[in-house]
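S.K.: using only what follows, build the 3D model:
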Amino acid sequence: METPLEQLAEQFRRLPGIGIKTARKLAYHVVQQPEEKTNAFIAAIREAKEKMRFCSVCFNLSSSDPCPVCADLHRDRSVICVVETPQDVSAIERSKDYRGLYHVLHGALSPLDGIGAEDLRIRELLQRLGNADVAEVIIATDPDVEGEATALYLARLLKQTGVKVTRIARGLPMGGDIEFADEATLAGAVANRREM
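M.R.: Okay, here's the model as predicted:
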């Protein structure tokens, strides 16, 4: 029979990116904390679970509907950046350079995992395009096999709407060394070069 500590570690292990050693470390840490800190941790989880929802416009996670980005009248409403996850929205927002709107697909096409176009928020994206004056859709899916397949599928689909479809550039990260970059990254960097 599992101890409560082992049960807690097992719950942590179910989180993405958490292995058994880290799960045990987290479980020990939580039970060794003062009760008020543990209660605050539990309350934060409960509050996030109860109050976070998907925006009815872009499907980003938010505590309000519409989310703050969709509600911000100073955003450029003629541009929609399509991403796979709410975490991608957060990453792009941290750059502080993008001022348009978003659309979260909640995944990428992956036939091997049984994820098809009907499992993503593609239909809702097409509805948004039909109801708004959107001039450009930026496809910002991950540069992996599933993300590229999703980008190609979306590009073909969206070109039929007459909207300009662009893809985020790929290439070398700032501070990276050319000699250590893989072939695909170098190919992307050369293909997406720009004039100086």
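S.K.: who does the host helix or strand of N39 touch, helix- and strand-wise?
M.R.: Assessed by DSSP states H and E, N39 sits inside helix 35-51. Packing partners of helix 35-51 (3 or more Cβ pairs under 8 Å, 6 or more residues apart in numbering; DSSP states H and E): helix 20-32. The C-beta positions use only the backbone N, C-alpha and C, and glycine is treated the same way.
S.K.: who's in contact with the residue at minimal distance from the centre of the chain?
M.R.: For the chain, the residue nearest the mean C-alpha position is T85 (2.3 Å; Cα atoms, centre = their mean). Neighbour list for T85: V104, H106, G107 [criterion: Cβ atoms under 8 Å, 6 or more residues apart in numbering].
S.K.: burial measure for the first one, as a count.
M.R.: The reference is to V104. 25 (other Cβ atoms under 10 Å).
S.K.: how about it: which residues does it bridge to?
M.R.: Beta-bridge pairing for V104 (DSSP bridges): V83.
S.K.: name the residues of the helix holding N39 that are buried.
M.R.: Residues of helix 35-51 classed as buried: none (neighbour count, 16 or more other Cβ atoms under 10 Å).
S.K.: relative to helix 20-32, how tilted is it?
M.R.: For helix 35-51 against helix 20-32, the angle by axes from the mean of the first three to the mean of the last three Cα atoms, to 10 degrees is 120 degrees.
S.K.: what is the mean pLDDT for helix 35-51?
M.R.: Per-residue pLDDT over helix 35-51 has a mean of 95.
S.K.: could you dump it to PDB, C-alpha only?
M.R.: Taking Å, rounded to 0.1, in the frame of the first residue of the first chain, the C-alpha atoms of helix 35-51 are listed here in PDB:
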ATOM      1  CA  GLU A  35       1.100  24.300   7.100                       C
ATOM      2  CA  GLU A  36       0.300  27.900   6.100                       C
ATOM      3  CA  LYS A  37       2.600  27.600   3.000                       C
ATOM      4  CA  THR A  38       1.100  24.200   2.100                       C
ATOM      5  CA  ASN A  39      -2.400  25.700   2.400                       C
ATOM      6  CA  ALA A  40      -1.500  28.700   0.300                       C
ATOM      7  CA  PHE A  41      -0.200  26.300  -2.400                       C
ATOM      8  CA  ILE A  42      -3.400  24.200  -2.300                       C
ATOM      9  CA  ALA A  43      -5.500  27.300  -2.400                       C
ATOM     10  CA  ALA A  44      -3.600  28.700  -5.400                       C
ATOM     11  CA  ILE A  45      -4.100  25.400  -7.300                       C
ATOM     12  CA  ARG A  46      -7.800  25.400  -6.400                       C
ATOM     13  CA  GLU A  47      -8.300  29.000  -7.400                       C
ATOM     14  CA  ALA A  48      -6.500  28.700 -10.700                       C
ATOM     15  CA  LYS A  49      -8.600  25.600 -11.500                       C
ATOM     16  CA  GLU A  50     -11.900  27.300 -10.600                       C
ATOM     17  CA  LYS A  51     -11.300  30.700 -12.200                       C
END
